[in-house]
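**Student:** below are the sequence and a predicted model; questions follow.
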Amino acid sequence: MADRYDSLLEALEEERKHEEAYFRKLSHAKTFKERISTGILWYPVSIDKMHYSIAEKVEIEMTPATPSASSDRNAFREGASAVFFINEDERIEIKGTISYANRKKVRIILNDDYIIKDHLIQHSNCGVELIYDDRPYRVMKDTLSKVKSAQEEHIIEIRDAVSKQQIDQRKLTDKPGLADRNLLNDSQVAAVEGCITAERIGIIHGPPGTGKTTTLVKLVEALARSEKKILVTAPSNNAVDLLARHISNKGIAVLRVGNVTRIGDNIAHLCLDEKVRNHKDWQHIKQVKIEAELAKKEAAKYKRKFGPQQKKDRYAFKKEARELRKWARELEHRLVDRIMEDSLVICTTLIGSAHPKIEGWKFDTVIIDEGSQALEAESWTAMLRGKRTIIAGDHQQLPPTVKSNEAIKMGLSETILDRLTDKISASYMLDTQYRMHGDILSFSNEQFYQGRLKSADFVRMRSLQDDDEIVTFIDTSGCGFEEERSIHHRSLANEGEYNILREHVLSIPHLLTPEVSIGIISPYSRQVSKIRQLISDDEVMRSLDIQVNSIDGFQGQEKDVIYISLVRSNDNSEIGFLKDYRRLNVALTRARFKLVIIGDMSTLGNDPMYMKLAEHVEKIGAYKSAWEYMLG
């Protein structure tokens, strides 16, 4: 048992060293231009907005001041650590966290505001750059060490279950069942009631569009009838915010704890900082802080030579400032404890479960959403806080991101869902999907879900204006659309595939309206950047409701119409990480009404999965040659 967690610790260290080396390599680039080309630096930038966000932190919104200030390769991600700096020669900088990022805009929330207060930002050249942050690794290492040495019975039982991939757990009989089954199908009811009675650990397997969020909210509603404290978590802030909002809308007392940089405005009222400031006792605490500051200023007036009385007065003011600050801290701590006590549900990210405000609390149940994207070490950070754990997700979709091949070989990317789904009795699959036409579902259902999924009646045959081509595969074989590898980036692009995609869109009149939402997704970031640029230069395509993103970036989203550009086209039949079929599964299950796949079967066809896909589309949909759109 200990050996397994020793191995995970080694794998985690391997991943940490890999990421540290990556950032060291990028940050040591000789010139600004080289660092900009890697996507970790924007310089110079234009400051578009600057304001105080929640928790009175300064948030700065910026865009590249010139085209050369940024590259197509944008490494900025929400939640990433970064520095905002001015005057590169002097390099006055302050750390912060990226709160929003897209190709043309970045927002950062600063840890301090002295740059603003001292007006240093005015009339200066400013920039933003990603930095290496090892805190998540420190948290996960500490977590694994605690799991390895745990003596508590419930932790040992869950640890053994994950390690042995089995558990003999009793059913709890003292938990009230569902009070309201409205809006739930039979599989959702079974999942909720089964997890309510699971003593130590339960699994909810939620394939695409099966109402996982609805199920989890109903589970929390049911647990709220008998439990005092519930911890709701996920690896991403977006998932946590979504659950927090839905649970709060049910009238349940929810507290959102974590880094304020990623708490959305629509749930700011659930944030700990906002609840503190909106509490009736806050004005008193604020007044004490003001008095402490005034006493400090009075003491600071005595700067040069002064007599015995002035020295005595200076000491008295300093003492008063210290005592007032201490009193304010005590009052604030008491208020925070009261707010924590009054909150039935605490929502935070998995790493956020190590927050000092949470660490001292014990929870009746820990719920983990997006379990398929959570490292085991991340999950344990939350699981250590509770008597039992319910994990929801889909292990047939994208796994957590692990960049070190060595760490992957050592098992770091294997999740608890991978190990336990269908291996324990308290494992429940949601079997009815509400997103997509039955033809869109069919291939993934056969290949990834053993045909166990079914479509709700209202989505099974729905289409856009009686469209009879629900799924289309456009084969670019023989068209000369070879993949292009960037000189500066490892990623790939294929402009020919976009040209065919554009012709296909223009050939269908009912797609040429902003009322139809279109998603264009690709496995390769370089193709995403190229398509975004081509659309921005195209008046017709620009007028449509089109979102372009990587498959990884599109997980959890859906659109009326999805186009997939597979990119790979070469003489060696190399398909790279298209071999990760979970990525293909995510791509195929984003569309509501229409799915169009564009790829070169002379390259892809040597892979059995892609050959099956082409044959499946030919049988149930429209298998076409790209020549049809080149000659028209």
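**Tutor:** Yep, it's here.
**Student:** restrict the biggest strand by length in the chain to CA atoms and write it as PDB.
**Tutor:** Longest strand in the chain, counting residues (DSSP state E): strand 41-52. Presented in PDB, the C-alpha positions along strand 41-52 are these (Å, rounded to 0.1, in the frame of the first residue of the first chain):
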ATOM      1  CA  LEU A  41       4.900  37.200 -22.100                       C
ATOM      2  CA  TRP A  42       2.900  40.200 -23.400                       C
ATOM      3  CA  TYR A  43       4.900  43.400 -23.800                       C
ATOM      4  CA  PRO A  44       4.100  46.200 -24.100                       C
ATOM      5  CA  VAL A  45       0.400  46.200 -23.200                       C
ATOM      6  CA  SER A  46      -2.400  48.700 -23.200                       C
ATOM      7  CA  ILE A  47      -4.300  49.100 -19.900                       C
ATOM      8  CA  ASP A  48      -8.000  49.000 -20.900                       C
ATOM      9  CA  LYS A  49      -9.500  48.900 -17.400                       C
ATOM     10  CA  MET A  50      -8.400  49.000 -13.800                       C
ATOM     11  CA  HIS A  51     -10.700  48.600 -10.900                       C
ATOM     12  CA  TYR A  52     -11.100  47.000  -7.400                       C
END
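**Student:** helices or strands next to that strand in the packing?
**Tutor:** Applying 3 or more Cβ pairs under 8 Å, 6 or more residues apart in numbering; DSSP states H and E, we find strand 41-52 packed against helix 32-38, strand 58-64, strand 126-130. For glycine as for every other residue, the C-beta is placed from the backbone atoms N, C-alpha and C.
**Student:** relative to strand 41-52, how tilted is the shortest one?
**Tutor:** So the one you mean is strand 126-130. Strand 126-130 and strand 41-52 are oriented at 110 degrees to each other (axes from the mean of the first three to the mean of the last three Cα atoms, to 10 degrees).
**Student:** residues near the residue lying closest to S236 once chain neighbours are set aside, how many?
**Tutor:** Take S236 and drop its neighbours on the chain: the residue closest to it by Cβ to Cβ, 6 or more residues apart in numbering is E370, 6.2 Å away. By the criterion of other Cβ atoms under 10 Å, E370 has 28 neighbours.
**Student:** which stretch of helix or strand covers K312?
**Tutor:** Using DSSP states H and E, K312 maps to helix 308-342.
**Student:** which secondary structure elements does that helix contact?
**Tutor:** helix 272-278, helix 282-300.
**Student:** quick check: which ranges of the stretch 301-450 of the chain have low pLDDT?
**Tutor:** 302-307, 314-315 (pLDDT under 70).
**Student:** can you show me the helices along it?
**Tutor:** Taking DSSP state H, counting those that start in this stretch as the test, the helices found in the stretch 301-450 of the chain are 308-342, 356-359, 376-383, 405-409, 416-420, 438-448.
**Student:** of those, which stretch is the most buried?
**Tutor:** helix 376-383 (a mean of 27; mean count of other Cβ atoms under 10 Å).
**Student:** helices or strands next to that one in the packing?
**Tutor:** Using 3+ Cβ pairs under 8 Å, 6+ apart, helix 376-383 sits against helix 2-27, helix 135-149, helix 153-164, strand 365-368, strand 389-393.
**Student:** of those, which is nearest P207?
**Tutor:** Proximity to P207 (Cβ to Cβ) singles out strand 389-393 among those, at 10.0 Å.
**Student:** taking helix 153-164 as reference, get the angle to the closest one.
**Tutor:** Interaxial angle of strand 389-393 relative to helix 153-164 (the same axes, to 10 degrees): 40 degrees.
**Student:** tell me what angle strand 389-393 forms with helix 376-383.
**Tutor:** Using the same axes, to 10 degrees: strand 389-393 against helix 376-383 is 130 degrees.
**Student:** numbering from 449 from now on, please.
**Tutor:** All set: I'll call the first residue 449, so the last point we hit is now strand 837-841.
**Student:** quick one: residues in contact with strand 837-841.
**Tutor:** 606, 643, 646, 648-654, 660, 663-664, 667, 813-822, 827, 830-831, 863-865, 868 (Cβ atoms under 8 Å, 6 or more residues apart in numbering).
**Student:** tell me the secondary structure of the closest residue to R883 other than its chain neighbours, please.
**Tutor:** The shortest distance from R883 to any non-neighbouring residue, by Cβ to Cβ, 6+ apart, is to G657 (2.9 Å). State at G657, reduced to three classes by DSSP: H, G, I helix; E, B strand; the rest coil: coil.
**Student:** so G657 versus H885, what's the distance?
**Tutor:** 11 Å (Cβ to Cβ, to the nearest Å).
**Student:** list the residues that contact the residue nearest the centre of the chain.
**Tutor:** Most central in the chain under Cα atoms, centre = their mean is S684, positioned 3.3 Å from the mean C-alpha point. Counting by Cβ under 8 Å, 6+ apart, S684 makes contact with 797, 818, 821.
**Student:** quick one: it from Q1003, how far?
**Tutor:** Taking Cβ to Cβ as the measure, S684 falls 10 Å from Q1003.
**Student:** which neighbours do the two have in common?
**Tutor:** Residues within reach of S684 and of Q1003 at once, by Cβ under 8 Å, 6+ apart, are Q821.
**Student:** number of residues surrounding L703?
**Tutor:** 21.
**Student:** which strand residues bridge it?
**Tutor:** I794 (DSSP bridges).
**Student:** same question for K543.
**Tutor:** V531.
**Student:** so it touches Y580, yeah?
**Tutor:** No - with contact defined as Cβ atoms under 8 Å, K543 does not count as touching Y580 (11.7 Å).
**Student:** what do these two both touch?
**Tutor:** Residues touching both K543 and Y580 (Cβ under 8 Å, 6+ apart) are S529.
**Student:** related to what we said a few turns ago, which stretch in the helices and strands packed on helix 756-790 has the least confidence?
**Tutor:** Among those, helix 730-748 carries the lowest mean pLDDT, a mean of 74.
**Student:** off-centre distance for it?
**Tutor:** 40 Å (Cα atoms, centre = their mean, to the nearest Å).
**Student:** check which helices and strands it sits against.
**Tutor:** So helix 730-748, by 3+ Cβ pairs under 8 Å, 6+ apart, packs with helix 756-790.
**Student:** one more time with 10 Å, if that's ok
**Tutor:** Applying 3 or more Cβ pairs under 10 Å, 6 or more residues apart in numbering; DSSP states H and E, we find helix 730-748 packed against helix 720-726, helix 756-790.
**Student:** quick one, that helix and helix 756-790 angle?
**Tutor:** Here the directions of helix 730-748 and helix 756-790 differ by 160 degrees (the same axes, to 10 degrees).
**Student:** who touches helix 730-748?
**Tutor:** 723-725, 727, 761-780, 782-783 (Cβ atoms under 10 Å, 6 or more residues apart in numbering).
**Student:** export the helices of the stretch 749-898 of the chain to a markdown table and tack on distance to S529?
**Tutor:** Formatted as a markdown table, those follow (distance: least, Cβ to Cβ, whole Å):
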| stretch | distance to S529 |
| --- | --- |
| helix 756-790 | 25 |
| helix 804-807 | 19 |
| helix 824-831 | 17 |
| helix 853-857 | 21 |
| helix 864-868 | 27 |
| helix 886-896 | 35 |
